[in-house]
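[1] have a look at this prediction, sequence included:
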Amino acid sequence: MILVWLMVIPFVGGFLCWQGERFGRGFPRWVGLITMSIVLGLSLYLWYSGDYSQTLLNPSNPQWVAEFKADWIPRLGISFHLALDGLSLVLVALTGLIGVLAVACSWNEVTRNVGFFHLNLLWNLAGVIGVFLAMDLFLFFFFWELMLVPMYFLIALWGHNIPGGKGRVFAATKFFIFTQASGLLMLLAILALVFAHYTATGVVTFGYPELLAWTRSGAMSAQLEWWLMLGFFVAFAVKMPVVPLHSWLPDAHSQAPTAGSVDLAGILLKTAAYGILRFGVPMFPHASQEIAPFAMWLGVAGIVWGALLSLSQHDVKRFVAYTSVSHMGFILVGIYSGTEQSLQGVVIQMLAHGISAGALFILCGEVYERLHTRDMREMGGLWSRLPFLPPIAMFFSAAALGLPGMGNFVGEFLILVGSFPVNPVITIVSASGLILAAVYSLIMMQRAFFGAPKSDDKLPDLNMREMSTMLSLMALILFMGLYPQPILDVTKATMAGVQTIYATGLVPPAASVAGVLP
Amino acid sequence: MTRHQLLALLPILFSSATVVWVMTAIAIKRHHWWNATFSVVGLNLALIGCGVAYFVSPQMVTPLLVVDSYSCLYMAMVLATGLATATLSHAYMEGVDGNKEEVYLLLNLSVLGGLVLVCARHFASFFIGLELLSVPLYGLIGYLVKERRSLEASMKYLVLSAAASAFLLFGMALIYSQTGALGFADIGTKVAEITAGTQYTVMVIGGAMILVGLGFKLSLAPFHLWTPDVYEGAPAPVAAYLATASKVAVFAVLLRFFVEARAYNYEVLLDVLSALAVISIVVGNLLALLQQNLKRLLAYSSIAHFGYLLVAFIAAGQFATEAVGVYLLTYVVTTLAAFGVVTLVSSPYKGHDADTLWDYRGLFWRRPYLTAILTTCMLSLAGIPMTAGFIGKFYAIAAGVEKRQWLLLGALVFGSVVGLYYYLRAMVQLYLRTPWVRKYSAPLDWASGTGGAMVVALMVLMLVLGVYPQPFISAIQAAGLQ
């Protein structure tokens, strides 16, 4: 039942925020903060109280840590089925954390329609939590699409119309159409899978455990598996984003309000990686093995291309957006390498990138609040005008470039170590991403914070709220960099399960000769 | 005629009685509120009659009509739509100077035609129902006689509708010439025998002509040319009726004809329908892209939606019947709500409907709840989860996947993506702040009238359908053909 609460609380909280605006602008902010703190608290409670040594993906003694199941549309075999294992848990906890940050960072930034803003923000977060918990493919798709609408409003209504850009409505629409179009392909794949299962067994169900068991029994023809995998892969690749499909991301980020960017970079991108780990690879291991080299090269392309483009950005937020593309490339490489180290690296990388990118976006927002520009050419010499913000930005840039001791280093290191035995060439090219990261991070620091100051006026420095969020994030990044073991422990079972299933993909399926045709 | 048959006819009888009663009432004294109330009461009685008819179904009433659970479902849909239109008209017509009362008379006549059409199992009742449905619409569309656009729309609809009827009749005649039968079931038995030769060719041509005739009524591309002009010119509540009830009834009879007359046996006809579906989806969506007029936008979107519906239709079989039912239900609820908001914003009638997107700019800051309803409609039309439209689209895709219609599904996905653009474009206008004078806003107490209550109820229904569709699915499943 606690899983339902995880989702219902933000939904109700969002509604309260909207209706509570009549009590003043402070009310929705506090409700939002309290709501997301409760979500974070609940997920931490689950973390400490649960035993995460089992997962459904584990062939022996499969079970979920927490589960909720109720009939929803029995006619089509759809149930309201939520469940949690280690991977979902860490991502839900990340969602709670990012949620708290997103509310906190828009405390002063959003002054128009505060209530409606928080409604959208909290509903978006509720949708994301739903994605991480859904154990029914219909439900998964439901939440997958549901989280888009609030995000659209966040960008379209509270975004910035930066000079030279095409406007926030354009960016929001582009974001929506990209993700929705790819989502429809996923829906086709889901339905094709369900009907193939129905033809073979006579049971209509969208349940993940049932479908997973069926796909693992090898009853699918190779051709069908290939097409279905492609449907899922395209949806996740757009959301991730993988390089040729990434063009919505910089636009969305540069126009979005700070909370929207934090949300987008911090967790929305992670839903794609989660989707591949939960659905894409375990359900279609053979096809995933086939596409693996291609996917890994796409990841490499993302690493290099994102890094190169970020070098030439003037807008700070576009800059961070392109570095996100680069970092997500590592995740793609890690997933399709499929070794235990690389998969564990993927988890750490997801969390660390969520936090460091979120922090960088918050810093961008804070700089914007003070200077009213995000153009790096107009910054320069901020180090002498602000005592605390620049060193903190330095810290997170160092995290992003993968300095040892920070979470991102652990993630990227594990991914590279894990992928080397699979494909050394890809690993070597990927490693160049680390160097490029150092280059672009330092160039950004140089342009924005060093050099001759544009003015000698001192700027108001971080207040208590901003300072405390930043300090807690720094602590978390350091913790992940110095002692990642608790996170690795909690997700170990899931990742081992993914790895085991993925390894079976190397053996051709029994039904490849005579199976169910698409 | 047995007692059970009479009971089964109750909806049609009540509806006919309402027509007579409203006409008499108008003759006695013109009173807008009373006449509206009479027709609403009559429609409600007919709706209750549907419930009664369901318990005695299935009943064959003469060779012309059949009242089974399928017709009960669609009769209920037509009646509910008529009811919504009547309540919306009441708010809207308050502003019209001149005679307002005949709207209800014409509306009830048209609803009666819809009921007959839904129950038809014979070419004669098919044609009578269709004409009874369409002819009053000429009057309704041109009801605002002082407005040029309204009259023009009426003439356009009259001419094209008559042409469509001619096609339909010719098609019926061709089929009759080969089978010597007019009842759907009789035709069905003959169809099984005719599989090749000249007879087959004539049959296919006949079937195709019927499709052309119905294509006009359903505004499938390439027979859609009248749709945007007529929707734009017609008074907003009439446009709501035109986009929902008239199409639902026609689609219901089309499905019954295909199943009972076994037209599904003719692959060629299915190919024709596939072509119509693809063209409708592509044309409807592409032409809607740059519309500045909300009514025209909804017109093009309805063309596209009937293309999606055909995807489910072509898939055939028991599941397809269910998919068509679900899709029609979600479409009707959504479209009615959208036109309902347009009506409320334009009510009471002030010489011109609020139909350009500019009229809606920044509506959120003036009427937030009404805007929330229109937003939900747009999301539902676009097929976003938590709204009815998602369930409908889901069913259409599921039916297509079940029968592996990949080409049609490709068109559907393409259409949905294009559709997103213009739905979002219309939706975001509602939230943008306006620097200039606002001409239109619904009256502040829009929700207190019956029309407002109806729109709010539709909004609730839209969300319930999107979140918990199971009860509706069960009802539609129970109302399958055969």
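    Structure received.
[2] which residue does the stretch 151-300 of chain B bring closest to chain A?
    Here the stretch 151-300 of chain B gets closest to chain A at one residue, residue B:289, 12.1 Å apart by C-beta to the nearest C-beta. The way it works is simple: take the backbone N, C-alpha and C, and place the C-beta from them, glycine included.
[3] what about that residue, how many neighbours?
    Per other C-beta atoms under 10 Å in any protein chain shown, the neighbour tally for residue B:289 reads 13.
[4] where does pLDDT dip in the stretch 401-518 of chain A?
    A:508-518 (pLDDT under 70).
[5] re earlier: what's near enough to touch the closest residue to the residue of the stretch 151-300 of chain B closest to chain A other than its chain neighbours?
    With sequence-adjacent residues excluded and distances taken as C-beta to C-beta, 6 or more residues apart in numbering or on different chains, residue B:289 is closest to residue B:422, at 5.4 Å. Contact analysis of residue B:422 by C-beta atoms under 8 Å, 6 or more residues apart in numbering or on different chains lists B:285, B:288, B:289, B:290, B:291, B:297, B:301.
[6] now do residue B:450
    B:40, B:87, B:90, B:91.
[7] recalculate using a threshold of 7 Å.
    Residue B:450 makes contact with B:87, B:90 under the criterion C-beta atoms under 7 Å, 6 or more residues apart in numbering or on different chains.
[8] would you mind naming what in chain A lies close to chain B?
    Residues of chain A lying close to chain B by C-beta under 7 Å from any C-beta of the partner chain are A:73-75, A:142, A:145-146, A:149, A:156-157, A:169, A:173, A:176-177, A:180-181, A:184-185, A:187-188, A:191-192, A:195.
[9] follow-up on the earlier one: can you say which helix or strand has the residue nearest to residue B:289 in it?
    Residue B:422 is part of helix B:406-429 when elements are defined by DSSP states H and E.
[10] residue B:308 too?
    If you go by DSSP H and E, residue B:308 is part of helix B:294-315.
[11] identify the residue spatially nearest to the residue of chain A positioned farthest from its centre, adjacent ones excluded.
    Going by C-alpha atoms, centre = their mean, the residue of chain A most distant from its centre is residue A:456, 39.7 Å out. Spatial nearest neighbour of residue A:456, excluding adjacent residues (C-beta to C-beta, 6+ apart): residue A:385 at 7.8 Å.
[12] for the record, mean pLDDT for the helix holding residue B:308?
    The pLDDT scores in helix B:294-315 average 93.
[13] quick one, it and helix B:406-429 angle?
    Using axes from the mean of the first three to the mean of the last three C-alpha atoms, to 10 degrees, the direction of helix B:294-315 lies 160 degrees away from that of helix B:406-429.
[14] and the next element down the chain from helix B:294-315?
    Helix B:294-315 is succeeded, C-terminally, by helix B:317-346 (DSSP H and E).
[15] that next one: which residues count as buried?
    Neighbour-count burial for helix B:317-346, counted by 16 or more other C-beta atoms under 10 Å in any protein chain shown, picks out B:319-346.
[16] what does stretch A:381-393 give?
    By 16+ other C-beta under 10 Å, the buried positions in stretch A:381-393 come out as A:381, A:382, A:383, A:385, A:386, A:389, A:390, A:392, A:393.
[17] ditto for stretch A:294-304
    Of the residues in stretch A:294-304, those with enough neighbours to count as buried (16+ other C-beta under 10 Å) are A:295, A:296, A:297, A:298, A:299, A:300, A:301, A:302, A:303, A:304.
[18] give the buried residues for the longest helix anywhere in chain A.
    Longest helix in chain A, counting residues (DSSP state H): helix A:168-201. Across helix A:168-201, burial judged by 16+ other C-beta under 10 Å covers A:168-169, A:171-197.
[19] what of stretch B:289-296?
    For stretch B:289-296, burial by neighbour count (16+ other C-beta under 10 Å) applies to B:291, B:293, B:294, B:295, B:296.
[20] one more: stretch A:33-46?
    Buried residues in stretch A:33-46, defined by neighbour count with 16+ other C-beta under 10 Å: A:33, A:35, A:36, A:38, A:39, A:40, A:42, A:43, A:46.
[21] name the residues that touch that stretch?
    Here stretch A:33-46 makes contact (C-beta under 7 Å, 6+ apart) with A:2, A:5-6, A:9-10, A:13, A:66, A:84, A:89, A:92-93, A:96-97, A:99-100, A:103-104, A:122, A:125.
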